[in-house]
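Enquirer: Dropping the sequence and predicted coords here.
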Amino acid sequence: MPPGSDADIVVFDPKKKVTLSHKTLHQRVDYTPYEGRIVTGAPEVVISRGEVIVRKGKGDFRKGRGSFLRRKPR
């Protein structure tokens with residue numbers, strides 16, 4: 001496959017209610033100012049580079065999956 005021909009896809013459930021927590025938000029800190037906030041809408045499935053990396057809130061977040069793309073300021 002030529003570079004740039006792959007796609008990332010997110011299947012989003014706009015009606016799903018989720019309570020935010022530092023345990024469920026995948027960050028490198030142990031707190032969030034949104035702790036306990038209930039939001040409506042959440043991803044159900046995420047496909048990256050042809051692999052399912054999130055399914056029903058459970059994810060495969062291996063280090064090195066992503067890459068930083070440097071952009072020029074606008």
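Expert: Happy to help now that I have it.
Enquirer: in the chain, what spans have low per-residue confidence?
Expert: Within the chain, the segments meeting pLDDT under 70 span 1-6.
Enquirer: And the strands in it?
Expert: Taking DSSP state E as the test, the strands found in the chain are 9-19, 38-48, 51-55, 58-59.
Enquirer: Enumerate the sheet neighbours of the first one, specifying parallel or antiparallel for every one.
Expert: Strand 9-19 has the following strand partners under DSSP bridges: strand 38-48 (antiparallel).
Enquirer: Give me the contacts around the partner strand.
Expert: Contacting residues not belonging to strand 38-48 are listed as 8-20, 52-57, 59, 65 [Cβ atoms under 8 Å, 6 or more residues apart in numbering]. Using the backbone N, CA and C atoms, a C-beta is placed for each residue, glycine as well.
Enquirer: okay, the angle between that strand and strand 51-55?
Expert: Computed by axes from the mean of the first three to the mean of the last three Cα atoms, to 10 degrees, the angle separating strand 38-48 from strand 51-55 equals 160 degrees.
Enquirer: Strand 38-48: which residues count as buried?
Expert: Buried residues in strand 38-48, counting neighbours by 16 or more other Cβ atoms under 10 Å, are found at P43, V46, I47, S48.
Enquirer: before we move on, back to that, tell me which of the strands of the chain sits nearest to K72.
Expert: Judged by Cβ to Cβ, the one of the strands of the chain that comes nearest to K72 is strand 38-48, at 24.8 Å.
Enquirer: Now do that closest one: distance to the chain's middle.
Expert: Relative to the centre of its chain, strand 38-48 is centred 8 Å away, using Cα atoms, centre = their mean, to the nearest Å.
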